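> I need the structure of the sequence given here:
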Amino acid sequence: MEKIPIGADHAGYALKERLKAELETLGFEPVDVGTDSTESVDYPDYAKQVASQVGTGAVARGVLTCGTGLGMSYTANRFAGVRAAVAWTPEIAELSRRHNDANILVLPAHFLDEDQGLEILRRWLEAPFDGGRHERRVAKIEADK
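Numbering: from 1, shown residues only. Okay, here's the model as predicted:
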């Protein structure tokens, strides 16, 4: 069973809880790194926990959510080997995997309802990396980290 670390700040807490349940339903093992409430917290604390696991290869993929998705993605993308993509539609999520081999999905909780978030998660999990010309581009990203 694939482990997928998942983290959120206070703005993403409710969505994280729904995503966690969906991951279990789909046969994944979510590893919740927090937060555990809607009390205000600092998003980098949770982004770093997920990104460090993905960046070291301890896990293949991770999921983050905050209000806009931006803070989580800024933090996660500082880690070598991480390609965190903010996705606000299922199509963006799928393309982030197919073209960019995104290994962390970041969801903007203030701009999605929970059903949209679940559909985006499913599309992201299902989409393979297309490879081909995209491999060269991903390699160029990684060469600079």
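
> contacts for the helix or strand bottoming out on mean pLDDT in the chain?
Sorting the helices and strands of the chain by mean pLDDT, DSSP states H and E puts helix 133-143 at the bottom, at a mean of 90. Contacts to helix 133-143, defined as Cβ atoms under 8 Å, 6 or more residues apart in numbering, come from residues A80, G81, R83, R98, H99, N100, D101. In short, each C-beta sits where N, CA and C put it, glycine included.

> report pLDDT for the last one.
The one in question is D101. pLDDT, D101: 97.

> so of the contacts of helix 133-143, which ones are in helices?
Of the positions in those, R98, H99, N100 sit in helices, assigned by DSSP state H.

> with distance to P44 and neighbour count as extra columns, can I get those in JSON lines?
Below are these laid out as JSON lines (distance: Cβ to Cβ, whole Å; neighbours: other Cβ atoms under 10 Å):
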{"residue": "R98", "distance to P44": "29", "neighbour count": "15"}
{"residue": "H99", "distance to P44": "27", "neighbour count": "17"}
{"residue": "N100", "distance to P44": "22", "neighbour count": "16"}
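
> tell me the one of those residues nearest S73?
N100 (12.3 Å; Cβ to Cβ).

> hmm, back to that, need the max-distance pair from the contacts of helix 133-143.
That would be A80 and R98, which, of those, are the farthest apart (Cβ to Cβ) at 22.3 Å.
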